[in-house]
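>>> Dropping the sequence and predicted coords here.
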Amino acid sequence: MVYRALVRRWIIATLTCVVLAACGKTLGGYPNHTPTASLVAPSSGAHDDKTVYMDLIRQMQQQGAYYASLAHIDAYRQRFGATPELRRRQADALRATGQLDAARTIYRSLLSGDQAAPAWHGLGLVEAQSGNGAAADEALLKATELEPVNASYLSDLGYARLCDGQTAIAKDPLAMAAELDPTNAKVIANLALWAMLTGDTTRADAIMQRGQLPADSQNDVRRLAVQLASRRPRVTTSVNTPSTPSAPTKKAAGTPTPTDVPAGMLQRFTTSATAYEAQP
């Protein structure tokens, strides 16, 4: 009980000293967190409360303190032994701190059992960060199959596809994620990014306004859309006139495209603010 009280007291203190800006402004599905505070473990002679210590590690990772969590993961292992969740959280921390090969190895060892879904998800993020688009898509898709209502997994799958230039097939997971978690800023940003890359800036603006994204985040989405659009290969439209990547343009009214989102998404995110507020 003494150890539990000390750890809880330390967690509260940690929340006041960890700089939340360390998480950075991230629009995509797989941010790299760099903690800015040095975290020190509580000193106690009682080491038998495994649940409290694991909660401590979870809290540190939620706050982006991945380096500190690696130290505590080692300490936990020495005291209580390894568990599948501990190994997966070690892989998460290794990935977040740029140690991709080590993270990949651990994720692959966890692709069965109760950590299979987060392990497939983590493996997909590693492959995406490594530039392996096909492997990332396969792993992230597997994660969504194991946890089909996990909005974060779906959004990360869609975002990885956008980064890989697969705009059309990014639509379904992004739309599904937005319906499952319509208040998640990262999910909304990814859906707006998709809309911009399909050329529908009006819809993208409406999605961001309805999602109440801050102005800075909206500008970040627009900049990212330009960056991703610039990666698209040049297409020759005639023998003498090569075309160059252009900024997203508005789609002609009434012109259907293969990337239209479902009607439910249009009603939820692209209705004008005035009309939306008038709905019951």
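Now that the structure is in, tell me what you want to look at.

>>> how close does residue 145 get to residue 154?
Going from residue 145 to residue 154 by CB to CB, to the nearest Å gives 11 Å. Bear in mind the C-beta positions are built from the backbone N, C-alpha and C, glycine included.

>>> go on, residue 189?
Residue 189 sits 14 Å away from residue 154, going by CB to CB.

>>> Looking at those two, which is more packed in?
Set residue 189 next to residue 154 and count neighbours by other CB atoms under 10 Å: residue 154 wins out with 29 against 26.

>>> Okay, and that one sits in which element?
Using DSSP states H and E, residue 154 sits within helix 151-163.

>>> Give me the buried stretch members for the helix or strand following that helix, please.
Per DSSP H and E, helix 151-163 leads on to helix 167-180 as the next helix or strand towards the C-terminus. Neighbour-count burial for helix 167-180, counted by 16 or more other CB atoms under 10 Å, picks out 167, 170-180.

>>> Find the residue ranges of the stretch 1-150 of the chain scoring beneath the pLDDT cut-off.
Along the stretch 1-150 of the chain, the parts satisfying pLDDT under 70 run over 1-48.

>>> Please apply the same query to the stretch 151-280 of the chain.
232-280.

>>> if we go to 90?
Low-confidence segments of the stretch 151-280 of the chain, defined by pLDDT under 90: 230-280.

>>> All the helices of it, residue numbers only.
For the stretch 151-280 of the chain, the helices defined by DSSP state H, counting those that start in this stretch cover 151-163, 167-180, 185-197, 201-210, 215-230, 263-269, 273-278.

>>> Tell me which of those approaches residue 107 most closely.
Distance to residue 107, taken as CB to CB, is lowest for helix 151-163 among the helices of the stretch 151-280 of the chain, at 14.0 Å.

>>> thinking again about what came up before, now do the buried residues in the helix holding residue 154.
Residues 151-163 are the ones in helix 151-163 that count as buried (16+ other CB under 10 Å).

>>> again with stretch 130-140
Across stretch 130-140, burial judged by 16+ other CB under 10 Å covers 133, 135-137, 139-140.

>>> How about stretch 196-216?
Across stretch 196-216, burial judged by 16+ other CB under 10 Å covers 196-201, 203-211, 213.

>>> Out of the residues you listed, which is nearest to residue 127?
For these, the nearest to residue 127 is residue 197 (21.1 Å; CB to CB).

>>> isn't that closest one right next to residue 162, touching?
Yes: the pair residue 197 / residue 162 is scored as a contact, 6.2 Å apart, by CB atoms under 8 Å.

>>> got any residues that touch both of the two?
Listed as contacting both residue 197 and residue 162 by CB atoms under 8 Å, 6 or more residues apart in numbering are residue 228.

>>> Quick check: residue 84 vs residue 118, distance?
Taken as CB to CB, the span from residue 84 to residue 118 is 10 Å.

>>> Those two: which is more packed in?
A count of neighbours by other CB under 10 Å puts residue 118 above the other of residue 84 and residue 118, at 22 against 16.

>>> list the contacts for the more buried one?
88, 92, 143.

>>> mind running it again at 6 Å?
Listed by CB atoms under 6 Å, 6 or more residues apart in numbering, the contact set of residue 118 reads residue 88.

>>> Is it within a helix or a strand, and which one?
Assigned by DSSP H and E, residue 118 belongs to helix 116-129.

>>> Could you do residue 54 as well?
Assigning secondary structure by DSSP H and E places residue 54 in helix 50-62.

>>> Report all helices and strands that that helix contacts.
helix 2-17, helix 66-80 (3 or more CB pairs under 6 Å, 6 or more residues apart in numbering; DSSP states H and E).

>>> what inclination does the next helix or strand after the shortest one have with respect to helix 66-80?
Okay, so that is helix 66-80. Using DSSP H and E, the helix or strand that follows helix 66-80 in sequence is helix 84-96. Helix 84-96 and helix 66-80 are oriented at 150 degrees to each other (axes from the mean of the first three to the mean of the last three CA atoms, to 10 degrees).

>>> in helix 84-96, what's buried?
For helix 84-96, burial by neighbour count (16+ other CB under 10 Å) applies to 84, 86-96.
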